[in-house]
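Colleague: fold the following.
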Amino acid sequence: MVEDAAAAIDFYRRAFGARQDVRIDAPGGGVLHAEISIGASVLMLGDAGGGGAPFTAPAALGGTSVALHVYVPDVDALTARAEAAGAEILQPPTDQFHGDRTAVLRDPSGHLWIFLTHLEDLAPEELHRRVPAG
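Modeller: Reported below is the predicted structural model:
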């Protein structure tokens, strides 16, 4: 949920190449429910508190404990596009021990996103061997 779903949808289009598949506007204004696609992932969103729902946007909570993980064909290109659109880059694209290249972003609504591009399949033994010591 977000404070301004229409603005968030516009940002997701510009930053992540999202496609709006469904949009139901609330009778009094705002977005009651929307569905967007980013790659093969479908996400639902709307204005916080819309239609009497008990949802709160991250900004009203002072942050979020949730990160949305989305696989994309080219995490580097998506990160550059998102940064140009106004996303905050918390971790630039980096190859990870688990076989994915990942980037961590915060959108203007306060949601955290982890975008991944799969690089290699790993056997469980190899994955465990690669876990960083710490």
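Colleague: so the most centrally placed residue in the chain: helix, strand or coil?
Modeller: Closest to where the C-alpha atoms of the chain average out (Cα atoms, centre = their mean) is Trp113, at 3.7 Å. Of the three states, Trp113 takes strand according to DSSP: H, G, I helix; E, B strand; the rest coil.
Colleague: check contacts around the closest residue in space to Ala67 that isn't next to it in sequence.
Modeller: With sequence-adjacent residues excluded and distances taken as Cβ to Cβ, 6 or more residues apart in numbering, Ala67 is closest to Leu112, at 4.1 Å. (Each C-beta comes from the backbone N, C-alpha and C, glycine too.) Applying Cβ atoms under 8 Å, 6 or more residues apart in numbering, one finds that Leu112 lies in contact with Thr64, Val66, Ala67, Leu68, Leu90, Val104, Leu105, Arg106.
Colleague: at 7 Å instead, please
Modeller: Applying Cβ atoms under 7 Å, 6 or more residues apart in numbering, we find Leu112 in contact with Thr64, Val66, Ala67, Val104, Arg106.
Colleague: now these as a markdown table including neighbour count, secondary structure and distance to Ala77?
Modeller: Compiled in a markdown table, these are given as follows (neighbours: other Cβ atoms under 10 Å; DSSP: H, G, I helix; E, B strand; the rest coil; distance: Cβ to Cβ, whole Å):
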| residue | neighbour count | secondary structure | distance to Ala77 |
| --- | --- | --- | --- |
| Thr64 | 16 | coil | 25 |
| Val66 | 8 | coil | 25 |
| Ala67 | 14 | strand | 20 |
| Val104 | 17 | strand | 16 |
| Arg106 | 18 | strand | 19 |
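Colleague: now the helices for the protein?
Modeller: Counting by DSSP state H, the chain has helices at residues 5-16, 58-61, 75-85, 124-130.
Colleague: go ahead and confirm the residue nearest to the centre of the chain touches Leu105.
Modeller: Yes: counting by Cβ atoms under 7 Å, Trp113 does reach Leu105; the two are 4.6 Å apart.
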